[in-house]
Each structure stands twice: as structure tokens, then as C-alpha cells.
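Colleague: quick one, structure for this:
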Amino acid sequence: MMQKTRRRGKRCKKKRKRKYTLEEKQAYANRLRMQQTPAEKKMATILRGIDGCENFEAQQVVCGYIPDFVDNTLMIIIEVDGPVHRYHRARDKRREIHLVNAGYRVIRFSNHSVIFNSEYVREKLVPLIQGMGQVGQWTGTCTGSEQ
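Modeller: Here you go, the predicted model:
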């Protein structure tokens, strides 16, 4: 019987993900703030209209990540997810777990909900931000289909 021989030569090597410095991340966050998507602009408008949202900042570095909106006093992160997030669910979940372990509440809304159903978004955010909601009972994800 013949034994299989291993091919020698080039082997597939996984690309190592480059680690970015804090300064590089902050520069990238600045660029993101200057180039907000329509949904992010709409979310900023929604947040400005809610009492207690004065401390929300767009695209700040938090635990090595750059969330869409963060309030470090309330420890709330709001993510506005576009279509690309359908393909990065596992990565988003890892990121969310890391942020929750750091003490943040992560709330996700789809672009569609923010742009076309802003009253729904506002309705979900007001009790959370004003401290009246039971955050522990909410999964933290809003797609707009829960109506």
C-alpha cells in the first residue's frame, strides 16, 4: 500500500489582524464623525430630542471599539446597524459581550428603524435613558419588527 505524502511548499497562513494604537483609533473615530451615515445623523437628532441625552457622544473609542453613540455616565452604547452587519453577526456579538462585560448596556437599532420609524426608536430609548425601564428584561436588539 502506498502512503499519502504531505505536500510541501506554501502553506496557508492566517493573516494576523493588525493591532491599532489608541491614537490611530481616535483618528479613525474622528473621520467617522465627519462622515456619518444618514441613519447616524437621524439617531443624533433623536437623541438631542430626549431629556437626559446631553452626554451622548458619537464615535468615541470605548474598550478598543468605536461604537456609534456612547454615554459614559449612563454606561449606554447605541449601535445603528446597516446591512453590512448581517454578515458580521459573530464579530458584533463578540464585541457586544466585551462591552457588556465592561459594564455598558448595548442597544442596537437597524438603519431602517432609525430612518423610517424614529418614533419607535424614541419610544424604546426614553424609558431606558430616563431610568424607568427594566433593561435586564430587554434583549438589547431592535430590528423594527417588534411592533
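
Colleague: helices along the protein, start to end?
Modeller: Secondary structure of the chain (DSSP state H): helices at 22-34, 38-48, 89-101, 111-116, 118-129.

Colleague: which of the ones you listed sits most buried?
Modeller: helix 111-116 (a mean of 20; mean count of other Cβ atoms under 10 Å). C-beta: built from backbone N, CA, C; applies to glycine.

Colleague: re earlier: the helices of the chain: which one's closest to residue 67?
Modeller: Among the helices of the chain, helix 89-101 comes nearest to residue 67, with 7.3 Å by Cβ to Cβ.

Colleague: contact partners of the closest one?
Modeller: 62, 63, 64, 65, 67, 77, 79, 81, 85, 106, 140 (Cβ atoms under 8 Å, 6 or more residues apart in numbering).

Colleague: residues contacting the first one?
Modeller: With contacts defined as Cβ under 8 Å, 6+ apart, the neighbours of residue 62 are 70, 72, 77, 99, 102, 104.

Colleague: low-confidence regions, the protein specifically.
Modeller: Within the chain, the segments meeting pLDDT under 70 span 1-16, 84-87, 132-147.

Colleague: I'd assumed residue 111 was in contact with residue 80.
Modeller: Yes: proximity of residue 80 to residue 111 meets the contact threshold set by Cβ atoms under 8 Å, at 6.2 Å.

Colleague: hang on, the earlier thing: quick one: which of the helices of the chain is nearest residue 54?
Modeller: Distance to residue 54, taken as Cβ to Cβ, is lowest for helix 38-48 among those, at 8.8 Å.

Colleague: can I get that closest one in CSV, CA atoms only?
Modeller: Below are the C-alpha coordinates for helix 38-48, written out as CSV (Å, rounded to 0.1, in the frame of the first residue of the first chain):
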residue,chain,number,x,y,z
PRO,A,38,-27.9,59.2,7.2
ALA,A,39,-29.1,56.8,9.9
GLU,A,40,-26.4,58.0,12.3
LYS,A,41,-27.4,61.6,11.7
LYS,A,42,-31.0,60.8,12.3
MET,A,43,-30.1,59.0,15.6
ALA,A,44,-28.2,62.1,16.7
THR,A,45,-31.3,64.1,16.1
ILE,A,46,-33.4,61.7,18.0
LEU,A,47,-31.0,61.7,21.0
ARG,A,48,-30.9,65.5,21.0
